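In: sequence? don't have it. structure:
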Ligand SMILES: Cc1cc2nc3c(=O)[nH]c(=O)nc-3n(C[C@H](O)[C@H](O)[C@H](O)COP(=O)(O)O)c2cc1C
């Protein structure tokens, strides 16, 4: 069985999330999956670096779960990476702790698919560049991504719209598990 660490980067999963909350709740039910709720553990952005590094070392597969904010990851997740991926741990001549681990990105995206499709200023693949760079530097394998488009917080206008988003989140969770299942890790 693979050890899967889901690093949840939504800054307010309990009171300001629909889709990420649904995804995280579904993934948490699966055997072998551990959810690292950064918003709950580190609301002040002050990370227990040793504890986070230990979780990463235990994992075969790391899933970065986040809403796209300003064409990237939320500041909470970005800061986690800045602090936890230390020289000598994840990179540098003696930093080999992440080599060979598989990394999956699971994003939720407010704008519709067309906003990131052909001819758009930013293609969905562009959103992955920093993560792909981090994989190249640390020796992790970039194992692919899943996303759901068109789930902006601005669209949570009716109960029906929220329910559709929750359903989309549960469906994304299934796709993530299918992707993970196929990995060799
Ligand atoms: C500060 C902020 C920045 C955002 N930036 C983007 C963006 O760059 N592109 C985009 O498509 N959606 C953007 N969104 C929309 C979020 O991606 C969307 O609300 C989120 O994925 C919904 O997930 P949730 O229900 O778990 O909060 C942004 C939302 C916020 C609050």
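Out: Perfect, I can see it now. Quick caveat: nothing in here was measured; it's all calculated off a predicted structure.
In: ok, and what's touching stretch 62-75?
Out: 4-11, 17, 19-20, 23-24, 27, 45, 56, 77-78, 81, 101-110, 122, 126-127, 130-131, 140, 176, 180 (CB atoms under 8 Å, 6 or more residues apart in numbering). All C-beta spots, glycine's among them, are computed from the backbone N, C-alpha and C.
In: just the residues you listed that are near the ligand?
Out: Counting by CB under 6 Å from any ligand atom, 10, 17, 19-20, 108-110 from the contacts of stretch 62-75 sit close to the ligand.
In: of those residues, closest to residue 160?
Out: Top of the list for closeness to residue 160, among those and by CB to CB, is residue 19 at 14.9 Å.
In: could you list the low-pLDDT ranges of the protein?
Out: Within the chain, no stretch has pLDDT under 70.
In: so for the residue of it found nearest the ligand, what's the nearest residue that isn't a sequence neighbour?
Out: The chain approaches the ligand most closely through residue 110 (2.6 Å), counting by CB to the nearest ligand atom. Excluding its sequence neighbours, the residue lying closest to residue 110 (CB to CB, 6 or more residues apart in numbering) is residue 152, at 3.3 Å.
In: surely the one you found touches residue 111?
Out: Yes - contact criterion CB atoms under 8 Å: residue 152 and residue 111 qualify, at 7.1 Å.
In: what strand or helix carries residue 64?
Out: Using DSSP states H and E, residue 64 falls within strand 61-67.
In: please see if that strand touches the ligand.
Out: Yes - Strand 61-67 comes into contact with the ligand (CB under 6 Å from any ligand atom), by way of residue 67.
In: partners of that strand in the sheet?
Out: strand 4-8 (parallel), strand 102-108 (parallel) (DSSP bridges).
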